[in-house]
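Trainee: return a 3D structure for these sequence lines:
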Amino acid sequence: MMIHFNIKWVALILPMIILGIFTCSPKLESRLLSAEEMGILPTAFDATPQNRRVDPRDPCTSQDNYIIDTTRLEDYPMQYIRINIHWMNSEDGQQNVPEQEAKAHTRRIVDAMNYALENNKKMFLPIGNTTPVHPINFRYVLTGRPGDPEDDGIYYHYDDSLYYYVHFRKKDSNLYDRTVFDKYGVQLDTVLNFFMMPHQPDSVASPTYQADNVGVALRNALKVAAPWKEDFARDPKNTHWRYRGVINHEVGHILGISHAWSRGDGCDDTPVHPNRCYSTGSGPGCDTLASNNVMDYNSLQLAWTPCQIAKVNRRFANSRYLQRQFLEPRWCTRNPEMDMTIRDEVDWPSMHDLHGNLTIATGARLTIRCRVSIPADGLVTIQPGGELIIDGGYLHQDCGGTWQGIRVEKNGQQEGTLTLVNGGEVLDVETSR
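Mentor: Numbering: from 1, shown residues only. A predicted model of the protein is given here:
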C-alpha cells in the first residue's frame, strides 16, 4: 500500500508539531537560595571557622582521609610552595659558587627538585611490594618580595661569620643555629627559605669530618651544606641532580614527615629497615636492603608513599598548621579551567580548597563533612535531581572575601536540594544579592 503526502499539509502541520514538543517540555529554572534557606545565621553571631572546637575524633583531622583517590584526581589540585634561595659565601668570595653563576645554578636545582616530584617512583622496599605510586600534588616556585619586579627570590650574601656549616664537630657545630636565618631571611612567615652553605674549611681539613651533602630543617627555613663550588666547577650541567634528593628530604621534614626507616613515622607503607645501605651496590645484602624513599638516607630519595603524601596534604589543608602559610593561595581567585562537576555519589571527609565553581549534576550527590573553600565570587550550582549534603562541615571563602552562594536548578518537579545536618553551615556568602 502506497502512502501519499500532501506537501501543503506537511508544511502546515510540521511547525505545530515542533511547537507542541517545545511547549510541553519543562522549562529549566534557576535561583539563588536565600540566606534563610542556606541556614545563614544573623551577622551578629560570630560563626567563623576559627571559633570552631577541634575534636580529635573529627574525620577532618584523620590522616587516612587525605590519601589521594586516584579515581578522582580533580579533588587534589596542584599546590605551589613559595621558596627563596640564599647562597652564603665568605667575604673574599672563595668558598662558594661565584655570584654571577648562582642564579643559573639555582634554577637548575629547582627544576631538578620539581622533576623529582613530578616523577614519583615505586618503592624499592619491601622487596616485591605492591605499594601504589600516587602523584605528588605540590611543586616549588621561586618567590621574591611582593611589588618588587627585580626580586626573583635568589639572594647572595658575603659574611665570614655566618657563611659556613659545621655538622658533626660538637665544639663548632652550627647546624641548629638560626642566626643566619634571623639576619638574612626574607618573608619567613610565608616563604620557605633555603640556605646553600659550604662546609667550614677547617672542618673539611679534618680527616674525621665528612663533607657530604647534608642538611637540616628548622621550622620555616633549612640549611643545605655541600661542596657546591667544587661540584659545579667539575660538572656544571649535571651536578644539580645530585642535590635534589637531599633538599626534598629536608623539605619533607618541614612538611611534617619523619625519617621513614623506623617505626615512629606514622606510616604503615614505609617499612622498617636498618638504613645502612646508601645504594644497592653498597655492600653485602644491599641489593635487597637499599631504599629509595625520600625520607631514608640513600643515593636516590625519589619515592614518596601514599601515606607520606597524605601527611603533607593534611597539613596543607589545615590553617592551624604553619605549612599552609607557605602555599600560594591560588584558591582565592576562581580559575574557570578548574571548575568542577560532581557526576556520581562523592563523600569528602577531608578539607578542600576549590579553585573553580562547583556543580552537582543531575542524579549526583556530594556530602561535605569538613571545611570547603569556594573562590571569591565563586558559585555552587545544584542541578535538577542533584543533592548537596553539608554534614557537620561548612562552605566558606578562605581568603577574607565572599562568594555568590548556592544556585539550585529546577526542571518540572525535579529540583536540586541542599541539606544541612549535624551543624553543617554556609558562610561568607554575599547575602545582599
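
Trainee: so where's the stretch 251-400 of the chain uncertain?
Mentor: Along the stretch 251-400 of the chain, segments meeting pLDDT under 70 are nowhere present.

Trainee: can you give me the strands in it?
Mentor: Secondary structure of the stretch 251-400 of the chain by DSSP state E, counting those that start in this stretch: the strands cover 340-342, 345-348, 352-353, 358-360, 365-368, 371-373, 379-382, 387-391, 394-396.

Trainee: got the contact list for the first one?
Mentor: Same thing as strand 340-342. 74-75, 354, 356-361, 364-366, 386 (Cβ atoms under 8 Å, 6 or more residues apart in numbering). The C-beta positions use only the backbone N, C-alpha and C, and glycine is treated the same way.

Trainee: now the buried members of those residues.
Mentor: Neighbour-count burial (16 or more other Cβ atoms under 10 Å) is assigned, among the contacts of strand 340-342, to 75, 354, 356-361, 364-366, 386.

Trainee: from these, pick the one nearest residue 298.
Mentor: residue 75 (31.7 Å; Cβ to Cβ).

Trainee: just checking, the closest one touches residue 66?
Mentor: No - with contact defined as Cβ atoms under 8 Å, residue 75 does not reach residue 66; the gap is 10.6 Å.

Trainee: about what we covered before: possible to save the buried ones among the contacts of strand 340-342 as JSON lines with distance to residue 405?
Mentor: Listed next are these as JSON lines, based on distance: Cβ to Cβ, whole Å:
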{"residue": "75", "distance to residue 405": "22"}
{"residue": "354", "distance to residue 405": "14"}
{"residue": "356", "distance to residue 405": "16"}
{"residue": "357", "distance to residue 405": "12"}
{"residue": "358", "distance to residue 405": "12"}
{"residue": "359", "distance to residue 405": "14"}
{"residue": "360", "distance to residue 405": "14"}
{"residue": "361", "distance to residue 405": "19"}
{"residue": "364", "distance to residue 405": "19"}
{"residue": "365", "distance to residue 405": "20"}
{"residue": "366", "distance to residue 405": "16"}
{"residue": "386", "distance to residue 405": "16"}
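
Trainee: biggest separation within those residues, which pair?
Mentor: 356 and 365 (19.8 Å).

Trainee: what helices and strands are in contact with the longest strand anywhere in the chain?
Mentor: Ranked by residue count and defined by DSSP state E, the top strand of the chain is strand 79-89. On a contact count with 3 or more Cβ pairs under 8 Å, 6 or more residues apart in numbering; DSSP states H and E, strand 79-89 meets helix 99-118, strand 138-142, strand 154-158, strand 192-197.

Trainee: between the strands of the stretch 251-400 of the chain, which gets nearest to residue 241?
Mentor: strand 352-353 (32.5 Å).

Trainee: which parts of the stretch 301-433 of the chain are helices?
Mentor: 306-317 (DSSP state H, counting those that start in this stretch).

Trainee: figure out which of the helices and strands packed on strand 79-89 is closest to residue 372.
Mentor: strand 138-142 (19.4 Å).

Trainee: tell me which residues of the closest one come out buried.
Mentor: So for strand 138-142, counting by 16+ other Cβ under 10 Å, buried means 138-140, 142.

Trainee: got the angle between it and strand 79-89?
Mentor: 50 degrees (axes from the mean of the first three to the mean of the last three Cα atoms, to 10 degrees).

Trainee: what packs against strand 138-142?
Mentor: By 3+ Cβ pairs under 8 Å, 6+ apart, strand 138-142 packs against strand 79-89, helix 99-118.

Trainee: can you give me the domain assignment for this protein?
Mentor: 28-60+332-426, 78-316 (automatic domain parsing).

Trainee: redo these as CSV? Include distance to residue 325.
Mentor: Listed next are the domains of the chain as CSV, based on distance: least, Cβ to Cβ, whole Å:
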stretch, distance to residue 325
domain 28-60+332-426, 12
domain 78-316, 5
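
Trainee: quick one: closest of the ones you listed to residue 322.
Mentor: domain 78-316 (6.8 Å).

Trainee: nearest to residue 323, of the domains of the chain?
Mentor: domain 78-316 (4.1 Å).

Trainee: what separation do you get for the spatially most central residue of the chain and residue 218?
Mentor: Centroid check for the chain by Cα atoms, centre = their mean gives residue 79 as the closest residue, at 3.6 Å. For residue 79, the distance to residue 218 equals 22 Å [Cβ to Cβ, to the nearest Å].

Trainee: again, but for residue 404
Mentor: 43 Å.

Trainee: likewise residue 397?
Mentor: Residue 397 is 33 Å from residue 218, by Cβ to Cβ.

Trainee: more neighbours, the two?
Mentor: A direct count of neighbours by other Cβ atoms under 10 Å for residue 397 and residue 218 places residue 397 higher, at 20 against 17.

Trainee: that one contacts residue 403, doesn't it?
Mentor: Yes - using Cβ under 8 Å, residue 397 is in contact with residue 403, at 5.0 Å.

Trainee: which residues are in contact with each of those two?
Mentor: By Cβ under 8 Å, 6+ apart, the residues touching both residue 397 and residue 403 are 374-376, 378, 428.

Trainee: show me which pair in those is furthest apart.
Mentor: Farthest pair in the shared contacts of residue 397 and residue 403 (Cβ to Cβ) is 375 and 428. Separation: 11.3 Å.

Trainee: overlap in contacts, these two.
Mentor: What both residue 375 and residue 428 touch, as defined by Cβ under 8 Å, 6+ apart, is the set 397, 403.

Trainee: before we move on, back to that, quick check, nearest of the shared contacts of residue 397 and residue 403 to residue 418?
Mentor: residue 374 (13.9 Å).

Trainee: would you confirm that that closest one contacts residue 403?
Mentor: Yes - with contact defined as Cβ under 8 Å, residue 374 and residue 403 form a contacting pair (4.3 Å).

Trainee: name the residue in those two with the higher neighbour count.
Mentor: residue 374 (31 against 24).

Trainee: so what's that one up against?
Mentor: 354, 357-358, 380, 395-397, 403.

Trainee: ok, now which ones touch residue 352?
Mentor: Contact partners of residue 352, counting by Cβ under 8 Å, 6+ apart, are 75, 317, 370-373.

Trainee: again, but for residue 422
Mentor: With the criterion set at Cβ under 8 Å, 6+ apart, residue 422 makes contact with 391-392.

Trainee: hmm, back to that, tell me who's in contact with the closest residue to the residue nearest to the centre of the chain other than its chain neighbours.
Mentor: Nearest non-adjacent residue to residue 79, counting by Cβ to Cβ, 6 or more residues apart in numbering: residue 138, 4.3 Å away. Counting by Cβ under 8 Å, 6+ apart, residue 138 makes contact with 78-81, 117, 312, 316.
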